[in-house]
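>>> Sequence and predicted structure, then a few things I'm wondering about:
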Amino acid sequence: MTAKPLLLLRNADVYSPDALGIRHVLLGGGKILWMGEDLPAMPAALGVEDIDLEGARLIPGLVDGHVHVSGGGGEAGFATRVPAPLLSRYTSAGVTTVIGLLGTDDASRGTAELLAHIYALREQGMSAWGYCGGYHVPPTTLTGSVRGDIAFAEPLIGIGELAISDHRSSQPTLDELLRLASEAHVSGLMTGKAGVIHLHIGDGVRGLDLIRQALDGSELPPRVFQPTHINRRKALFEEALDLARRGCHVDITAFPVEEGEDAWPAAEALLRYLDSGAPPEKVSISSDAGGCLPCFDADGRVCGMDVGHSGALLETLSELLARGLPLARALPAFTSNPANLLRLAGKGRIEIGADADLVALDVESAVHHVWMGGVAHVVAGEPVRRGMFER
């Protein structure tokens, strides 16, 4: 097990994500032990490591709520299955927490493989959880039911990414969606987990109508339904704003958008969301890292593809800052908002008792240092710890 000595970060410009100003932060045992403006004397016997951040901005480690930790893809044959991202692809991008899921291919990839990758990331120091199921109904499971998976597999916190309004989905009915959402909700009540259903939204004309019907026709809390990829069409984004006002948490994807495309880039989408008056705590941004980003022709055949990467989060954050959005207003969508929705205690904030998952940004808003559980993974912009097969 990696030792976690006491570490003092001096002269950090702390964003918790709120702007706190210059603080000194003491880490130990994987936690934030103390934070203050005045620096006390540290007994030499404690062996405290001391790092002067010289006013660098210190932010919570990014929480990436939509990651294909075992790889995604597969829409154009087995050769198009995307390999699993390696550890430093996350850490170099300032991501310290990931939520893993299955996508289109929930046949050759399954829950056991997903869990194995989650456990592997944990063994390497990263915080990782996941969703049971995948695009299709009935969902792929480990125990035979989604309720059993969430109740008995500790890392599984909900269902996802179930596909709707997409030609690759299993075209779930309202009754099927309600049944799965209720299973997620009740399982969350039983276990104290998030109990959400994370919904892949395609570019179909039905948009978010199935979620609206579910809210209108059931007693389920709106927070149970989390649509993602809401910025893939501009009209879809407007629908998502209405759902957020009703209490749903909506997720923007940091995928590439071509000029003239009927979609909003992630930075533009967040700016529009914050300007809309929708609840600022009800939005997050995820990367779709490890997932295939295909385009399709009129017959539903793949005509091109890209691969998502966690670095898109920091790129989006940098663009938001360049466009004048204050860091304290931009950060919650990458940190505290997803952590709160997913009930990840100790994540997404810099406060006493929280996990010591921290990122120091340089003057250009690039990653300079990354600590996970108080252990350095990136120093001066370079990974100092890598995955087993990265050496």
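Yep, that arrived.

>>> Mean confidence (pLDDT) on the helix or strand hosting residue 320, please.
Using DSSP states H and E, residue 320 falls within helix 311-322. The average pLDDT within helix 311-322 is 96.

>>> after that helix, next one along is what?
helix 327-330.

>>> List the buried residues in stretch 152-159.
153, 155, 156, 157, 158, 159 (16 or more other CB atoms under 10 Å). No exception for glycine: its C-beta is placed from N, CA and C like everyone else's.

>>> I meant to write stretch 250-270 there.
Applying 16+ other CB under 10 Å to stretch 250-270 flags 250-255, 257, 263-270 as buried.

>>> Over to stretch 193-205?
193, 194, 195, 196, 197, 198, 199, 200, 201, 202, 203, 204.

>>> so how far is that stretch off the chain centroid?
14 Å (CA atoms, centre = their mean, to the nearest Å).

>>> May I have that stretch exported as PDB, CA atoms only?
Extracted in PDB, the C-alpha atoms of stretch 193-205 (Å, rounded to 0.1, in the frame of the first residue of the first chain):
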ATOM      1  CA  LYS A 193     -26.300   5.200  -2.900                       C
ATOM      2  CA  ALA A 194     -27.200   7.600  -5.700                       C
ATOM      3  CA  GLY A 195     -30.000   5.400  -7.200                       C
ATOM      4  CA  VAL A 196     -30.100   7.300 -10.400                       C
ATOM      5  CA  ILE A 197     -30.800   6.200 -14.000                       C
ATOM      6  CA  HIS A 198     -28.200   7.800 -16.300                       C
ATOM      7  CA  LEU A 199     -29.800   8.200 -19.700                       C
ATOM      8  CA  HIS A 200     -28.000   8.300 -23.000                       C
ATOM      9  CA  ILE A 201     -30.000  10.700 -25.200                       C
ATOM     10  CA  GLY A 202     -29.600  10.200 -29.000                       C
ATOM     11  CA  ASP A 203     -30.500  12.600 -31.700                       C
ATOM     12  CA  GLY A 204     -34.000  11.100 -32.300                       C
ATOM     13  CA  VAL A 205     -37.000  13.400 -32.700                       C
END
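
>>> next helix or strand past the helix or strand hosting residue 239?
Per DSSP H and E, residue 239 falls inside helix 234-246. Per DSSP H and E, the first helix or strand lying C-terminal to helix 234-246 is strand 250-253.

>>> ok now that following strand, how far from the chain's centre?
Worked out by CA atoms, centre = their mean, strand 250-253 lies 10 Å from the chain centre.

>>> Go through the protein and flag its longest helix.
helix 174-191 (DSSP state H).
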